[in-house]
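Need a 3D model of the following:
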Amino acid sequence: TEYRAILAAYPEDRLSLLRIAQALRELGRHADALATLETARTANAPEAMIDFERARNLALQGRDDDALAALDASDHNGLRALALVEQAREFNAYRDRSRFQRVYRNVRARVYPCEGTEAADDFDFWLGRWEVRMPDGTLIGTNTISKHDGGCSIQEHWEGAGGSSGTSVSFYLPSRGQWRQVWTGSGGTFFDITGGADKDSMHMEGQIEYVETKQVVAFRGTWTKRDDGRVRQR
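Predicted structure coming up:
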């Protein structure tokens, strides 16, 4: 009712038609919802969401083949509603079908493109919570390395044994074919380095800046995966 009032006041509001169709689905009025979706289509509402809503209504009507065809159409139109694809209960009976899984993979790849970028996994050997020790075994702190932003960034949270702290973000740049890491720490050091992976190592170079001494000098870092599961950072 509220969306119909909005639509009456703003006839050009194409999204209200989509919302009305969603409300009709929730009310169990599937035929009315499908008819409203076609009206929304003529009003140029988002095609991907129209077809996705069609799929939900058709599934609730037991029209499985039509529902899957509508899902295919929504995928073809660039659907990005990953949470809805994952959570919509109307599709529970389809989740093991290859046709549904293909749509899910395509939608996820649009929302999280880094997951499909092979080079974005080059630094995964660094992930985890680590004890950081000097070569003689002295514990100097802990480092928590985790992946975020749909696999697009690796975040480092350093806690030194003496109370220091630091944070870095590492990410792959497809346009350059390079990795980049930016660090800032409580000791007043900042660095910005770039490079790439080589077998079981990551090597990056750039500059480090010291706040206290106002120095800017060349800097490089190498992370190497060891056979025993450790990582050596230099």
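
Just want the most central residue of the protein.
Centroid-nearest residue in the chain: residue 150, 2.3 Å away (criterion: C-alpha atoms, centre = their mean).

Name the nearest residue to that residue, ignoring sequence neighbours.
Leaving aside its sequence neighbours, residue 150 sits nearest to residue 112 (C-beta to C-beta, 6 or more residues apart in numbering; 3.4 Å). Just so you know, the C-beta spots here come from the backbone N, C-alpha and C atoms, and that holds for glycine as well.

In stretch 160-174, which residues are buried?
Within stretch 160-174, the residues scored as buried using 16 or more other C-beta atoms under 10 Å are 160, 166, 168-172.

quick one: which of those residues is nearest residue 104?
residue 172 (24.1 Å; C-beta to C-beta).

correct me, but that closest one touches residue 119?
Yes - with contact taken as C-beta atoms under 8 Å, residue 172 and residue 119 are classed as touching, separated by 5.3 Å.

Next one, pLDDT for the residue nearest to residue 133 when sequence neighbours are not counted please.
In space, and not counting its chain neighbours, residue 133 is closest to residue 139: 5.4 Å by C-beta to C-beta, 6+ apart. Predicted confidence (pLDDT) for residue 139: 97.

what does the one 5 residues further on give?
Predicted confidence (pLDDT) at residue 144: the value is 98.

Check the one 5 residues further on too.
Listed pLDDT for residue 149 reads 95.

Can you verify my assumption that residue 167 contacts residue 181?
No - Residue 167 is not in contact with residue 181 according to C-beta under 8 Å; the separation is 11.0 Å.

Which of the buried residues of stretch 160-174 fall within helices?
When the buried residues of stretch 160-174 are checked against helices using DSSP state H, none is located there.

how many other residues sit next to residue 223?
20 (other C-beta atoms under 10 Å).

Name the nearest residue to it, sequence neighbours excluded.
residue 202 (4.6 Å).

what's near enough to touch the one you found?
122-123, 126, 179, 195-196, 222-223 (C-beta atoms under 8 Å, 6 or more residues apart in numbering).

that's a helix at it, yeah?
No - checked against DSSP: H, G, I helix; E, B strand; the rest coil, residue 202 lies outside a helix; its state is strand.

Report the mean confidence score over the strand or helix carrying residue 5.
Element membership for residue 5, per DSSP states H and E: helix 2-9. What helix 2-9 shows for mean pLDDT is 94.

and if you look at stretch 220-227?
Here the average pLDDT along stretch 220-227 is 96.
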